[in-house]
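> Quick one, what's the 3D model for this:
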Amino acid sequence: MRMILEQIGKYAQRPAFVGLVTIAAISAVIVIGGAKFSRADFLEVTRNQQARELDFLGQAIHHGPLSGRSPSDLREQIGPLAGTAEFDEFMRRSLFGMDVVKVEIFGLDGSVLYTTDPSSTVSLAPSHPLVRDARRGITASALADQVAVIDLAGRPAELQVMQTFGLMLDQPPASGGGGRPMAILAVHRDVGSRLASVTRSVWSVAGVFFGGMSAVLLIVNHISDRSRRRLEAANIQLQHRETAVRESRERMLRADEAAKRAIAGELHGTVQTKLYAVWMKLGIVSDKITDEAVKAELDGLAGDVELIREEDIRQLSHRLHPSIVRVSAAAGLRSLRDFYESLIPVELEIGDEVARLEEGGVSVIPEEPRLAVYRITELALTNVARHARATVCTVGWDYEEEARELVLTIVDDGVGFQSSPDGEGGSLGLVTMDDYADALGGVCEIKSVPGEGTRVEVRFPFDPGESGESTHEADAAASDTQAVRAELAPDAGS
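Below you'll find the predicted structure:
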């Protein structure tokens, strides 16, 4: 039973199933309501038709066998006259074209005076309302027609007939006189077969409605299902393309960082070593020169080489590959603040939550997000220094535990620029910032208003419990901290 209910529950979630149930319910309403109202309407129409036939029959009798007789004789003449062959012939002619099963004429005592069915033994009981009212002389204008649908001798419903009773007066109906009752007329019409036909018509309408609407629903569902599958396939393909683009960006950025690391290694190693050798040779040559002017010139050249080696080459090497981010992202941001401080005032705000992730010089944040934060901040500060004409720039670095996101913000109060609604048309620096964020599954939003400054906000998904840093890597990062700091020290040698 439970499995059946579960299956029903699954089907109930399908739009096609819900649509079919709805169509079936509407079809049931059509059958129930249509049969009820169609039956009532058909019976009302039939009753009115039979009432008109009674009027016609009354007038035919008055103008036929009873014509020329005085009203006082009519009540006595109707009984004997109805039993004659002449009256029977007249009734057959009068009923020509009438769609009736049987016509009966009853006397005021309820006995049958005439019937088109010779085998009928029906009579009206003296207690019948029509008999009582006729005997009291109530006129037709004051007596409502008696209408009923009966089952003749218990036969099936298809043989049901409607019987309609009316009074025949001793004044012709067309005369407008208020004559006295002299007989009771009854017309019986077959309604069973027609009611069955009406019911079949209602069922046919409901069936056509159910079949047509179900077909339309199934066709629409088939088309929508195909469209949905095509859309799902397109979405999957689009997701694959987005993943491929993201992976391509990530590979490009990794290749770029690898190239920068290699160049930085060459500068810090080979180039700096060769410059050191040149510096040493200049010192040796200077010691052998006795001419003070030449000696001073050589010493000056040696100083320039040492300055290039210790400051320019080292600084360029560090910017190509910021080994400071091995310590923490915050350390990298502090180094950028110190570098750009001479160009623009930079305020650095490190949140407590992210500080706990990088305590003691050991960061649980993977190196890729740390490097991306460094690169994005570097690009943003470069743009501020070159174009913004700002009086202050604020760099914020924090972790939102509830959202499980690392958040970097760079805000300046400079001249700003007109942001493109679709994000296109940005500078290479802005595009590169977005590439760094997207490569790590993050989002980079840049909002700028002319005259009101610019805000860059970058969010990276990060869960400390799922950090890619292993314990070994964390220990290795801790052991590298001192080496990095020594490497960045102003007086460090090569």
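> show me the contacts for residue 117.
residue 102 (CB atoms under 8 Å, 6 or more residues apart in numbering). C-beta: built from backbone N, CA, C; applies to glycine.
> Residue 211 too?
So residue 211 contacts nothing (CB under 8 Å, 6+ apart).
> what's the next secondary structure element after the helix or strand hosting it?
Assessed by DSSP states H and E, residue 211 sits inside helix 192-266. The helix or strand immediately downstream of helix 192-266 is helix 272-288, counting by DSSP H and E.
> Which strands and helices lie in contact with that next one?
helix 292-307 (3 or more CB pairs under 8 Å, 6 or more residues apart in numbering; DSSP states H and E).
> Pull the residues that contact the helix it packs on.
The contact list for helix 292-307 (CB under 8 Å, 6+ apart) reads 275, 278, 279, 282, 283, 285, 286, 289.
> Helix or strand for the residue of the chain most remote from its centre, just tell me which one.
Taking CA atoms, centre = their mean, the residue of the chain most remote from its mean C-alpha position is residue 290, at 92.1 Å. Secondary structure from DSSP H and E places residue 290 outside every helix and strand.
> Residue 200: neighbouring residues, count only.
11 (other CB atoms under 10 Å).
> ok, so what distance separates the residue farthest from the centre of the chain from residue 296?
12 Å (CB to CB, to the nearest Å).
> quick one, domains of the protein?
2-190, 324-488 (automatic domain parsing).
> Please point out which parts of stretch 181-197 sit buried.
181-192, 194-195 (16 or more other CB atoms under 10 Å).
> what about dumping the CA coordinates of it to CSV?
What follows is stretch 181-197, C-alpha atoms only, in CSV (Å, rounded to 0.1, in the frame of the first residue of the first chain):
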residue,chain,number,x,y,z
PRO,A,181,-65.7,20.6,-17.0
MET,A,182,-67.3,17.7,-18.9
ALA,A,183,-64.3,15.4,-19.4
ILE,A,184,-60.6,14.8,-18.5
LEU,A,185,-58.1,14.5,-21.4
ALA,A,186,-54.7,12.7,-21.0
VAL,A,187,-51.9,12.6,-23.5
HIS,A,188,-49.0,10.1,-23.0
ARG,A,189,-45.7,10.8,-24.8
ASP,A,190,-42.7,8.5,-25.0
VAL,A,191,-39.8,10.2,-23.2
GLY,A,192,-37.7,7.3,-22.1
SER,A,193,-35.8,6.8,-25.4
ARG,A,194,-35.4,10.5,-25.9
LEU,A,195,-34.1,11.0,-22.4
ALA,A,196,-31.6,8.1,-23.0
SER,A,197,-30.7,9.9,-26.3
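> and the domains of the chain, which is most packed in?
Most buried of the domains of the chain, by mean neighbour count (mean count of other CB atoms under 10 Å): domain 324-488, with a mean of 17.
> Run the chain-centre distance for that one.
Relative to its parent chain, domain 324-488 has a centroid offset of 39 Å by CA atoms, centre = their mean, to the nearest Å.
> on that earlier part again, need the buried residues of stretch 181-197 in a markdown table (columns: distance to residue 171 and secondary structure).
Rendered in a markdown table, the data for the buried residues of stretch 181-197 read as follows (distance: CB to CB, whole Å; DSSP: H, G, I helix; E, B strand; the rest coil):
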| residue | distance to residue 171 | secondary structure |
| --- | --- | --- |
| 181 | 11 | strand |
| 182 | 10 | strand |
| 183 | 13 | strand |
| 184 | 16 | strand |
| 185 | 15 | strand |
| 186 | 20 | strand |
| 187 | 21 | strand |
| 188 | 26 | strand |
| 189 | 27 | strand |
| 190 | 32 | strand |
| 191 | 32 | coil |
| 192 | 36 | helix |
| 194 | 35 | helix |
| 195 | 37 | helix |
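> Can I have the buried ones of the contacts of helix 292-307 as a PyMOL selection?
Buried members of those can be picked out in PyMOL with the line below, counting by 16+ other CB under 10 Å:
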select buried, resi 275+278+279+282+286
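> which one among the contacts of helix 292-307 gets closest to residue 324?
Of all the contacts of helix 292-307, residue 324 sits closest to residue 275, with 22.5 Å by CB to CB.
> Excluding residues flanking it in the chain, which one is nearest the closest one?
residue 309 (4.3 Å; CB to CB, 6 or more residues apart in numbering).
> Please tell me the pLDDT value assigned to the one you found.
Here, the pLDDT recorded for residue 309 equals 72.
> and it, helix, strand or coil?
helix (DSSP: H, G, I helix; E, B strand; the rest coil).
> thinking again about what came up before, got the confidence number for the residue farthest from the centre of the chain?
We note a pLDDT of 78 for residue 290 in this prediction.
> Same check on residue 452?
On the pLDDT scale, residue 452 gets 89.
> Same question for residue 299.
Residue-level pLDDT assigned to residue 299 equals 80.
> With residue 291 as the reference, measure out to it.
12 Å.
> Between these two, which has more neighbouring residues?
residue 299 (14 against 9).
> follow-up on the earlier one: wait, the residue nearest to residue 275 touches residue 280, no?
No - between residue 309 and residue 280 there is no contact under CB atoms under 8 Å: 11.0 Å.
> rewinding a little: any idea which of the domains of the chain gets closest to residue 229?
Closest to residue 229 of those, according to CB to CB: domain 2-190, at 14.5 Å.
> Residue 309 and residue 280: which is more packed in?
In this view residue 309 and residue 280 are compared by other CB under 10 Å, and residue 309 has more residues nearby, 21 against 12.
> Would you mind measuring from the more buried one to residue 324?
20 Å.
> Check residue 188 too.
With CB to CB as the criterion, residue 188 and residue 324 are 111 Å apart.
> ditto for residue 451
For residue 451, the distance to residue 324 - CB to CB - is 35 Å.
> And for residue 224?
According to CB to CB, residue 224 stands 57 Å off from residue 324.
> just residue 293 next, same as before
Relative to residue 324, and taking CB to CB, residue 293 is found at 43 Å.
> ok, now residue 249?
24 Å.
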